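**Student:** just coords:
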């Protein structure tokens, strides 16, 4: 579909380049709401045969506009609840855009069926509601054709968004599980798009979610957003657990906001309880069983109470829905036959579309409302009930209630629905325990009026202040906050297909070119070179940890140049490093993060002055042993100066949890000891105070200066957190006023990730290529042992 004016407006306001730094000053920020269905009713006029459209006032998508400024333009993208003939689609699309600011997607009928009734309702919905496809009643086995339909539908929605978006100014808010990979397509087109997502259903635990064959593609789709919203912390925690277990991502709380670092972008998690009703027929059956129990346990209530059960029309179809419907009617009939009378029916079953005003009347009259779903995303029935019980002037007049009379309400809610955590005054129940639910109903009905009043007042305060407008405004504010750094970083798109993601890093951060550094290398004469070992000169994933003959040859060439001072700075022990690097006689080695150091093969190992007291190891070892025994897959590495607890092979969630506990435990027991506790990737390490790779760099550079050879070229390459200390020290040390000329600095991290370094290389293979370039430029000639020696004695 092409709408006049839309494409030209977009072109004048923004660049199509996904990495464009140009922002628009002439365009006004808009909100683009993307959902499966548009907030519209569609009906064909019987007389004119023309389509007539009207706003769906009950739609959450329409109501959330109340949270935005009246001047803020809101555009909706989604499907219509009617089949529009292809010959009418252009005309309808034009009318919807002009009259309602709506952009319809018009999915082909077969695609819509496979996408919505197929993958969404038979794969995702059962999965998120803890229904594994063990049998036909609980969803179908994974169907690759339905997955392809889901992908195709998401692409069509993306195309429609791209027709109207101004990517530099507009905010896009995607809703629900129907469109979970749409963010990937949008992010691929516009790297800095402002993109939020809210899931209106539960998110299942990792044990359930991991059974989905396309689990990674969906997770990565969500992670291409800036902000992801969930109803409850449980749902958010399940999502974070899946990211940890399946993608190896950790999260942390940043000033009260939960954030995931995803290739330099911080993806924020929003927890805000509001949503739409997604009831299930199974909950009706449980509730009718509860009515039976209630009347059995409390015969005195017969003739005094009535359960009005409103059955919302099922969104799906099939054998299970028909069987549930049949059993519902049989159960209601049986209850009425046993406990009813000619003038009294204890159960009134309403199985038809019920207008909003009729539902409101039932809510206003009911002394107690029970929401007994076995699994639900949020469910707003409880909220609506509270508002209706509060009343309004016209309602009070119709019911003959004084406007100043106290209001009461009682809620019995399933603990498996989202709103149960928000309504603290409600009686929470396990919907599977019908005896307990029946007793909860009796408690609610017989509770003193004063207590009912207090509970109602508490609930009404919450519901009236946490409405749809509040929810929309809060989400929009957090999305704006999540997007603040978009134009302060450089972006790259990497990955193919649904594995696409954006790497976002500092503007000054760039790839280290061989020609660039070789040019500086050739014109300098006093060079300091610091290299990490694992993950830098040897691949991290390599089983063989000894350096290759190529690496040995390159290091020998660099070390034999009298203009070079070359150091391997590693966390490994001195024995293995000295054995592996024995052919490099002029190579300096700093082992165990600098606790041990030697200038060349023929010099003696020098030990850090903090070696006087390692008694703390006797405290640490038994503590680590306890956590090793309690955490399957963990291990302890003993170094001469340090102890390391590894949990790489443990359960990701449990290992991470135990690492946090161990960190706190060790910090407590070592509070008065000369040791520091550090947490790294899959490790907790305890080492002496005053030992770091950064101090190694400082000492070596200081000795070069004191020896009359101030460096004019400093290169440092490393891949992990401990190397960041080196980068920081180099940048600090070279600003020393004692240096006659500021040296050329090349701090380089391995892998494109946030770092204090200015440069990056992709992997260890790139590092070796770079070192080979330097070796080629080196004038090799024998040299004597240097006159200067490294010492860790105090220079004060």
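**Tutor:** Noted; the coordinates are in hand. Only a predicted model underlies this, so the values are computations on that prediction, with no experimental measurement involved.
**Student:** please, where are all the strands along the stretch 51-200 of the chain?
**Tutor:** 51-55, 74-79, 102-104, 171-175, 194-198 (DSSP state E, counting those that start in this stretch).
**Student:** got a list of what the residue nearest to residue 150 when sequence neighbours are not counted touches?
**Tutor:** Once flanking residues are discounted, residue 150 sits nearest to residue 119: 4.1 Å by CB to CB, 6 or more residues apart in numbering. C-beta: built from backbone N, CA, C; applies to glycine. Going by CB atoms under 8 Å, 6 or more residues apart in numbering, residue 119 touches 143, 146-147, 149-150.
**Student:** which one of the residues you listed sits closest to residue 380?
**Tutor:** Nearest to residue 380 out of the contacts of residue 119 is residue 150 (CB to CB; 27.0 Å).
**Student:** could you report the pLDDT at that closest one?
**Tutor:** For residue 150, the pLDDT comes out at 97.
**Student:** wait, it sits on residue 116?
**Tutor:** No - with contacts counted by CB atoms under 8 Å, residue 150 stays clear of residue 116, the gap being 9.2 Å.
**Student:** the more surrounded of those two?
**Tutor:** residue 150 (26 against 21; other CB atoms under 10 Å).
**Student:** what about residue 169, neighbour count?
**Tutor:** For residue 169, using other CB under 10 Å, the count is 17.
**Student:** where's it relative to residue 480, distance?
**Tutor:** The gap separating residue 169 from residue 480 is 12 Å, by CB to CB, to the nearest Å.
**Student:** ok, now residue 224?
**Tutor:** For residue 224 relative to residue 480 (CB to CB), the value is 18 Å.
**Student:** thinking again about what came up before, nearest to residue 215 among the contacts of residue 119?
**Tutor:** Ranked by distance to residue 215 (CB to CB), these are led by residue 147 at 11.6 Å.
**Student:** residue contacts, the closest one?
**Tutor:** The contact partners of residue 147, taken as CB under 8 Å, 6+ apart, are 119, 123, 213-214.
**Student:** next one: residue 492
**Tutor:** By CB under 8 Å, 6+ apart, the contact set of residue 492 is 19, 191, 502-503, 752.
**Student:** of the residues you listed, closest to residue 68?
**Tutor:** Using CB to CB, residue 191 comes nearest to residue 68 of those, at 25.6 Å.
**Student:** just checking, the closest one touches residue 500?
**Tutor:** No - using CB under 8 Å, residue 191 is not in contact with residue 500; the gap is 10.3 Å.
**Student:** quick one: which of the two has more around it?
**Tutor:** More crowded of residue 191 and residue 500, by other CB under 10 Å: residue 191, with 22 against 16.
**Student:** residue 241 is nearest to which of the strands of the stretch 51-200 of the chain?
**Tutor:** strand 194-198 (18.0 Å).
**Student:** tell me how far residue 578 lies from residue 591.
**Tutor:** Residue 578 sits 8 Å away from residue 591, going by CB to CB.
**Student:** phi, psi of the residue located most distally from the centre of the chain?
**Tutor:** Centroid-distance maximum for the chain: residue 342 at 57.7 Å, with CA atoms, centre = their mean. Per-residue torsions, residue 342: phi -50, psi -30 (degrees, to the nearest 10).
**Student:** residues touching it, list them.
**Tutor:** Residue 342 neighbours (CB under 8 Å, 6+ apart): none.
**Student:** show me which of residue 578 and residue 591 is the more surrounded one.
**Tutor:** Shown here are residue 578 and residue 591; by other CB under 10 Å, residue 591 has more neighbours (25 against 16).
**Student:** now the more buried one: closest residue in space, sequence neighbours ignored.
**Tutor:** Spatial nearest neighbour of residue 591, excluding adjacent residues (CB to CB, 6+ apart): residue 574 at 3.7 Å.
**Student:** number of nearby residues for the one you found?
**Tutor:** 21.
**Student:** how close does it get to residue 372?
**Tutor:** Residue 574 is 67 Å from residue 372, where distance means CB to CB.
**Student:** cool, residue 92 as well?
**Tutor:** Counting by CB to CB, the gap from residue 92 to residue 372 is 41 Å.
**Student:** the more surrounded of the two?
**Tutor:** residue 372 (29 against 21).
**Student:** and the more buried one, how far from residue 358?
**Tutor:** Going from residue 372 to residue 358 by CB to CB gives 21 Å.
**Student:** find residues that contact each of residue 191 and residue 500.
**Tutor:** residue 493.
**Student:** from the chain's centroid, how far away is the host helix or strand of residue 503?
**Tutor:** Assessed by DSSP states H and E, residue 503 sits inside strand 501-505. Centroid separation between strand 501-505 and its chain, computed with CA atoms, centre = their mean, to the nearest Å, is 15 Å.
**Student:** helices and strands around that strand, which ones?
**Tutor:** strand 265-271, strand 490-494 (3 or more CB pairs under 8 Å, 6 or more residues apart in numbering; DSSP states H and E).
**Student:** mean pLDDT lowest for which of these?
**Tutor:** Lowest mean pLDDT of those: strand 490-494, a mean of 78.
**Student:** which parts of that strand are buried?
**Tutor:** Residues of strand 490-494 classed as buried by neighbour count (16 or more other CB atoms under 10 Å): 490-492.
**Student:** okay, now the sheet partners of it, with direction.
**Tutor:** According to DSSP bridges, strand 490-494 forms sheet pairs with strand 501-505 (antiparallel).
**Student:** after the strand it pairs with comes which helix or strand?
**Tutor:** strand 510-511.
**Student:** now what about that next one, what contacts it?
**Tutor:** For strand 510-511, the external contacting residues (CB under 8 Å, 6+ apart) are 490, 758-762.
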